[in-house]
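Enquirer: turn this into a model:
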Amino acid sequence: MKKVISKTLLACALTGAFAMASTGAFAQTTTNPFPYFSVNESAANPAAANMLTADKITGNYDEIITFSGNTFNVSLLWNAGQFVTNNGTTPVASHLSPTGGSSNQYGLYALYQGNGTFSTSGGVTTFNFAPGGNLSVFTDPNSNTTFNKPANGSTAWTTGNSSDDVLIATGIPTSGQGTLNPSLSTCGSAGGSGINCGSFGSSTTFNLTSNGSKYFTSPNPFYNVSFQSGQLNNFSPTGTQEINGSMDVVFGVPEPTSVALIGLGLFGLGMSRRKKQA
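Expert: Residues are numbered from 1 along each chain as shown. Below you'll find the predicted structure:
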């Protein structure tokens, strides 16, 4: 019976996150569209004590994606580069460093697997992410973890020197869309660089571990949805491809009024269940 309830609540949470992500209605201010969050870097041992507030995490990704028919499977590695604020425009001083360099620095990375469908018309390819997959976020003391690419998009990235890495959050992809357009001026052969040929956006559920709650300290409870937005380099949507570029992460939480407007009693059921267990 407990397994049935657990599966039902998971389905409810996915349904709620998917529907609310599509509305774009999340708690934020009129002056700053990205919700703020606070980080205690001393929780990312051996980082020195530092409390910071930011509204976005910027970074870079490397993904392996496999196309078959009209479907795709993707396995992605994201390495955080820095925290920013003021609508994601101003860097925030931190000990975060993908490459290390001092005893106080640490890395922050995520492994993501997802799938979906795609179609091409007029030379423009559109991607639609399906619910399902997984997201895992880690801190990397001393920034010494190594990463090994999978053979295809259905296989996870593997890591080395990662015995001291700490899992701080998990999630499940809920929705997303991307567009590849080689005719863009930044991508085409007529002076284009080939490094900005489209973009994508996706969302996942976001659940902190006990260690994650020591790192992401506010709001409390923390945001339960994460949003990823990135830029696509040029590639051919056939077979297995490797794509890389920039990818940023922000967080959100559904507004109560939005939940009421779209009739998501299922999400409320999941939240009430959590409170009873707390």
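Enquirer: Phe118 reaches Pro237, doesn't it?
Expert: Yes - in this structure Phe118 lies within contact range of Pro237 using Cβ atoms under 8 Å: 6.0 Å. Every residue, glycine included, has its C-beta placed from N, CA and C.
Enquirer: send the alpha carbons of stretch 176-190 over as CSV?
Expert: The C-alpha trace of stretch 176-190 is given here as CSV (Å, rounded to 0.1, in the frame of the first residue of the first chain):
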residue,chain,number,x,y,z
GLY,A,176,11.4,21.8,-21.7
GLN,A,177,11.9,23.0,-25.3
GLY,A,178,14.8,23.9,-27.6
THR,A,179,15.4,25.3,-31.1
LEU,A,180,18.3,24.7,-33.4
ASN,A,181,18.5,27.3,-36.2
PRO,A,182,21.7,27.2,-38.3
SER,A,183,20.5,30.2,-40.3
LEU,A,184,21.1,32.5,-37.3
SER,A,185,23.7,35.2,-38.0
THR,A,186,25.8,33.9,-35.1
CYS,A,187,25.7,30.4,-36.5
GLY,A,188,25.6,30.6,-40.3
SER,A,189,28.6,30.4,-42.6
ALA,A,190,28.4,34.1,-43.6
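Enquirer: that one: how far from the chain's middle?
Expert: On the basis of Cα atoms, centre = their mean, to the nearest Å, stretch 176-190 sits 22 Å off its chain's mean C-alpha point.
Enquirer: can you give me the mean pLDDT across that stretch?
Expert: Averaged across stretch 176-190, the pLDDT comes to 86.
Enquirer: give the buried residues for that stretch.
Expert: 176, 178, 180-182, 184, 187 (16 or more other Cβ atoms under 10 Å).
Enquirer: and Leu111, how many neighbours does it have?
Expert: If you count neighbours by other Cβ atoms under 10 Å, Leu111 ends up with 18.
Enquirer: shared neighbours, Phe118 and Pro237?
Expert: Residues touching both Phe118 and Pro237 (Cβ atoms under 8 Å, 6 or more residues apart in numbering): 67, 72, 125.
Enquirer: ok, the helix or strand where the first one lies: who's next to it in the sheet?
Expert: According to DSSP states H and E, Phe67 maps onto strand 56-68. Strands that pair with strand 56-68, judged by DSSP bridges, come out as strand 71-85 (antiparallel), strand 240-252 (antiparallel).
Enquirer: could you dump those into JSON lines and include mean neighbour count, distance to Phe37 and mean pLDDT?
Expert: Formatted as JSON lines, these follow (neighbours: other Cβ atoms under 10 Å; distance: least, Cβ to Cβ, whole Å; pLDDT from 0 to 100):
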{"stretch": "strand 71-85", "mean neighbour count": "20", "distance to Phe37": "9", "mean pLDDT": "97"}
{"stretch": "strand 240-252", "mean neighbour count": "19", "distance to Phe37": "6", "mean pLDDT": "95"}
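Enquirer: quick one: closest of those strands to Gly100.
Expert: When these are ranked by proximity to Gly100, the top entry is strand 71-85, at 11.8 Å, counting by Cβ to Cβ.
Enquirer: confidence score at the residue nearest in space to the middle of the chain?
Expert: Closest to where the C-alpha atoms of the chain average out (Cα atoms, centre = their mean) is Gln228, at 4.5 Å. Each residue has a pLDDT score; the one for Gln228 is 95.
Enquirer: which residues touch it?
Expert: Gln228 touches 78, 112, 176, 200-204, 247-249, counting by Cβ under 8 Å, 6+ apart.
Enquirer: quick one: low-confidence parts of the stretch 1-150 of the chain?
Expert: 1-32 (pLDDT under 70).
Enquirer: can you map out the strands along the stretch 101-250 of the chain?
Expert: For the stretch 101-250 of the chain, strands defined by DSSP state E, counting those that start in this stretch occupy the ranges 106-121, 124-129, 134-141, 146-148, 158-160, 166-171, 173-180, 198-205, 207-208, 216-218, 225-231, 240-252.
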